[in-house]
Structure formats: structure tokens, C-alpha cells
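Peer 1: I need the structure of the sequence given here:
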Amino acid sequence: MALLPPALLNSASWSHWGRLRRRYWGKILLGGCLLALGGCGNVGDPLPPLIQIPRPVADLAATQIARQVRLSWTLPQLNTDGSSATTLARFEIYRLRRPAGPGASVQAEDFAEGAVKWQVLDSVNFDAYREGEKLVLTDRLEGLDDSQIFHHDFCYAIKTVNRKKQEAGFSNIATARLWPVSQAVGRIKVGFAEGYTELQWEHPSRNLDGSAMVEPSHYHVYRSELPGARVRQKLTPAPIDESKFLDTTIVLGKTYYYIVRPVTHTPSGWVEGPESGEEEVTNVDVYPPKAPQEPTAISNGQAVSLVWVPNTEPDIAGYLVFRSSEEGSYQRLTPDLITTASYLDKSVEAGKIYTYRIRAVDLKGNESEFSVETREKVE
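Peer 2: Below you'll find the model as predicted:
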């Protein structure tokens with residue numbers, strides 16, 4: 001179109017001319033942008049979003065301990081797509097309670113219909129529940145009385161949920177049938193010897209529901225090095241039937257904390273009862289070493305050489321040597337401990353008879369009895 005010079009236009013025409021000019025240059029700029037974009041290549045199809053849902057737990061286990069249920073499972077390491085399970089945000093634990101019966105295990109459909117969400121465990125709290133490679137959580141069955149606990153099945157399953165609140169369904173279903181097992185034992189009594197600590201307690205006579213025990217209880221003994229420890233070392237590989245235990249693995253002078261749990265044989269197998277009160281025990285090293293053996297004295301006319309069989313205790317610090325002559329009582333020859341099983345006595349006089357005996361001393365300063373005497377004449 002022909003463009004008129006601005007001098008030939010009135011004010012109204014001038015305004016119309018400005019609109020035309022802006023539209024004209026706008027089209028040119030838009031065309032240049034589209035051309036530039038076209039030179040960058042075609043845009044591909046959009047990619048589907050990554051779905052990082054942790055795999056369901058596969059090894060959930062439920063075990064009765066007294067009036068409680070102990071749950072344990074392994075943390076999922078992978079997502080359902082095979083990638084690392086780095087988006088795991090929480091576990092949702094579901095529980096179903098039902099009267100014990102001869103029927104088969106609970107079906108997944110029945111569990112999903114009747115179970116309620118019992119607990120949520122957020123990822124920030126995982127470390128507080130770790131025991132080795134597993135997480136361990138205890139259902140204390142709060143709010144339920146004995147009639148609602150014993151002779152009932154408690155069924156559990158877990159959902160693993162990511163940060164987007166996505167989950168891949170329930171874990172395996174773990175079931176614990178609860179039986180009225182033995183009551184706790186009374187206070188632990190402690191005895192000491194150099195090689196062990198002895199624990200004793202009384203047999204309980206009743207079960208947790210007040211019923212009389214049909215058979216004597218068995219026991220597991222646990223030990224820790226910290227008071228109130230959540231994880232303790234089990235000292236009894238199998239239940240013991242005596243109400244006493246010798247701990248031969250102690251270190252003298254070290255403090256340990258012991259508990260005892262009764263163990264009852266039920267139709268579900270061995271089940272532990274409640275723990276006893278915790279007993280703090282220190283077997284103090286007040287035990288002297290054995291007296292040195294086979295002391296022998298030999299004179300060369302100028303000194304007496306004294307030797308004996310070394311003590312084999314691991315905490316031997318050294319020896320003290322004592323001597324008496326014909327004129328007096330025993331006197332200590334060694335102001336400090338000697339660390340070898342021999343001694344050379346140069347402070348002797350020819351023609352005199354000297355009698356020697358030795359004591360062993362351990363690292364705690366405990367002294368042995370005297371050895372037998374050995375006598376030698378300097379000539």
C-alpha cells in the first residue's frame with residue numbers, strides 16, 4: 001500500500017497512521033522469531049514422569065513377647081522401577097485383631113477390608129528403631145485388656161510411602177497369636193567368683209492372666225553394658241531350665257546390666273515373658289594371683305641366684321622377694337616390683353644360711369600368698 005507523508009495527514013489520520021506502522025513492524029518481528037525457532041530443530045514427544053515408589057516390604061515378622069508384639073522388617077533398597085529407594089518418606093503400619101481359631105491365615109482381601117492404620121513411622125525416625133539391618137517396632141497393645149489380647153491373632157502389614165504420598169500396596173501379612181505366658185521372675189540375686197558372676201532367681205508360679213503354670217518356665221538371660229539399653233546381648237543360645245546362670249565371659253571390674261526373661265512353650269513355639277528388673281553388677285577384682293611356684297636358690301659363694309616358675313595370670317604386674325637369715329625375721333628385699341621370675345641377691349655373707357619366699361602382685365595391687373620357702377647356704 002502507498003504510505004503518505006505525515007505532513008499531508010490531519011490529526012485523526014496521523015493516529016491511524018501510527019497504528020498501521022506498529023502493526024506492520026510487529027508482523028515482521030513475529031515472522032523473524034518464528035523463523036529463528038524453526039532453525040533450532042523439532043521438539044520431541046514429552047517424556048513420562050518418573051514414578052519412584054519403594055517396593056513393598058517382603059519380610060515383615062511379628063513375634064509375641066509377654067503382652068506385646070515385636071515387629072521387624074528390612075528397609076526396601078529399591079523402587080518398583082529398579083532405581084534406588086531414595087524417596088521413601090514413611091511406613092504406614094496396619095493392624096487387624098481377631099479371635100484365635102483353627103481357620104487358615106488371614107487373606108489379603110479380608111485384611112485390607114478390616115485392618116486399621118495403627119502406626120506411622122517417618123523416615124526421620126528410622127535410625128531410632130534400627131537393630132542391625134532391620135527396623136524393630138513394638139506394639140504394646142495399649143488400651144486392650146487380657147481378654148482382648150490372649151487367645152487372639154494380631155495381624156500386621158506395612159505400606160511403604162514416598163514423598164509424593166504414593167505407595168505400591170501392602171507388604172506380606174505377619175500374624176502373632178498371643179498366649180498367656182509366664183509372669184516375670186523376681187529380683188535377681190548375684191554371687192561372685194574370680195572366673196564368673198552367678199545370677200539366681202525364683203521360678204514364677206503363675207501366668208500373665210493369673211492362671212497357674214502347667215509346667216516350669218525356662219529362661220533367657222540378657223546382658224548390656226549400658227543401663228536401660230534397647231538392644232541387649234542374649235547370653236543363652238537356647239532356653240535354660242534352671243533358675244540360675246553363670247556368666248563366664250565377664251571382665252573383672254567392668255559393670256554389666258542383666259535382665260532375665262521367662263520362656264514358655266506354647267502351641268506357637270517358645271514365647272518370652274516380661275523382663276525382670278535390671279540388675280547392675282560389677283565383679284570387682286579383689287582376687288589375688290596364685291603364689292609363685294617352685295622357688296629355687298643357688299649360691300656361687302658371692303651371691304644367691306633365686307628363680308621360680310612365672311605366674312600365668314594375664315594381669316600379673318610383678319613380684320616381691322622376701323628373705324630371712326638365721327638371726328631374724330623376713331625382710332623385703334625388693335622395694336619395687338620386679339617383672340622377671342628371677343632375682344640376684346648380692347647382699348649376702350659367706351657361711352650364712354638364707355631363706356627366701358616370693359609373692360606375686362597383680363595390676364590391681366592384689367598380693368598372693370607367700371610361696372613355699374627355699375633355703376641356701378653361701379659357701
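Peer 1: roughly how far apart are residue 75 and residue 354?
Peer 2: The spacing between residue 75 and residue 354, counted by CB to CB, to the nearest Å, is 74 Å. Heads up, the C-betas are built off the backbone N, CA and C, glycines and all.
Peer 1: Those two: which is more packed in?
Peer 2: Ranked by neighbour count (other CB atoms under 10 Å), residue 75 and residue 354 place residue 354 first, with 21 against 16.
Peer 1: Buried ones in whichever strand or helix holds the more buried one, by neighbour count?
Peer 2: Assigned by DSSP states H and E, residue 354 belongs to strand 353-362. By neighbour count on 16 or more other CB atoms under 10 Å, the buried set for strand 353-362 is 354, 356-362.
Peer 1: and what of stretch 308-323?
Peer 2: When burial is assessed from 16+ other CB under 10 Å, stretch 308-323 yields the following buried residues: 308, 311, 313, 316, 318-323.
Peer 1: any idea whether the residue most central in space within the chain is helix, strand or coil?
Peer 2: By CA atoms, centre = their mean, the mean C-alpha position of the chain lies nearest to residue 231, the distance being 4.2 Å. Counting by DSSP: H, G, I helix; E, B strand; the rest coil, the backbone at residue 231 sits in coil.
Peer 1: Pull up the gap between it and residue 57, please.
Peer 2: 21 Å.
Peer 1: so who does the residue nearest to the centre of the chain touch?
Peer 2: Residue 231 makes contacts with 131, 224, as judged by CB atoms under 8 Å, 6 or more residues apart in numbering.
Peer 1: And it, how far from residue 129?
Peer 2: Counting by CB to CB, the gap between residue 231 and residue 129 amounts to 11 Å.
Peer 1: do residue 379 as well
Peer 2: Distance of residue 379 to residue 129, computed by CB to CB: 80 Å.
Peer 1: Looking at those two, which has the bigger crowd around it?
Peer 2: Neighbour count, other CB under 10 Å: between residue 379 and residue 129, residue 129 has more, with 16 against 10.
Peer 1: Quick one: residues contacting that one.
Peer 2: Residues near residue 129 by CB under 8 Å, 6+ apart: 121, 135-137.
Peer 1: can I assume residue 314 sits in a strand?
Peer 2: No: Residue 314: not assigned to a strand; according to three-state DSSP it is coil.
Peer 1: Share the number of residues neighbouring residue 94, please.
Peer 2: Number of residues near residue 94 (other CB under 10 Å) recorded here: 20.
Peer 1: Also the one 3 residues further on?
Peer 2: Applying the criterion other CB under 10 Å, we find 17 residues in the vicinity of residue 97.
Peer 1: these two touch, right, it and residue 150?
Peer 2: No: Residue 97 is beyond contact range of residue 150, at 11.8 Å (criterion: CB atoms under 8 Å).
Peer 1: Next, show the common contact partners of those two.
Peer 2: Both residue 97 and residue 150 lack any common contact, where contact means CB under 8 Å, 6+ apart.
Peer 1: one step back: show me which of the buried residues of strand 353-362 is closest to residue 116.
Peer 2: residue 362 (62.2 Å; CB to CB).
Peer 1: how near is the closest one to residue 332?
Peer 2: 18 Å.
Peer 1: Sketch out the low-pLDDT regions of the stretch 101-250 of the chain for me.
Peer 2: Filtered on pLDDT under 70, the stretch 101-250 of the chain yields the residue ranges 103-104.
Peer 1: mind listing the helices for it?
Peer 2: Along the stretch 101-250 of the chain, the stretches classed as helices by DSSP state H, counting those that start in this stretch are 108-114, 146-149.
Peer 1: tell me which strands and helices the first one is in contact with?
Peer 2: Looking back up the chat, that one is helix 108-114. Here helix 108-114 touches strand 88-99, strand 167-170, going by 3 or more CB pairs under 8 Å, 6 or more residues apart in numbering; DSSP states H and E.
Peer 1: of these, which approaches residue 199 most closely?
Peer 2: Among those, strand 88-99 comes nearest to residue 199, with 36.0 Å by CB to CB.
Peer 1: Next, the residues that contact that closest one from outside, please.
Peer 2: Outside strand 88-99, the residues that reach it (CB under 8 Å, 6+ apart) are 54, 57, 71, 75-76, 106, 110-111, 114-123, 135, 137, 139, 144, 148, 151-163, 165, 167, 170.
Peer 1: Would you mind listing which of these are buried?
Peer 2: Neighbour counting by 16+ other CB under 10 Å classes 54, 57, 71, 75-76, 106, 111, 115, 118, 121, 135, 137, 139, 152-162, 167, 170 among the contacts of strand 88-99 as buried.
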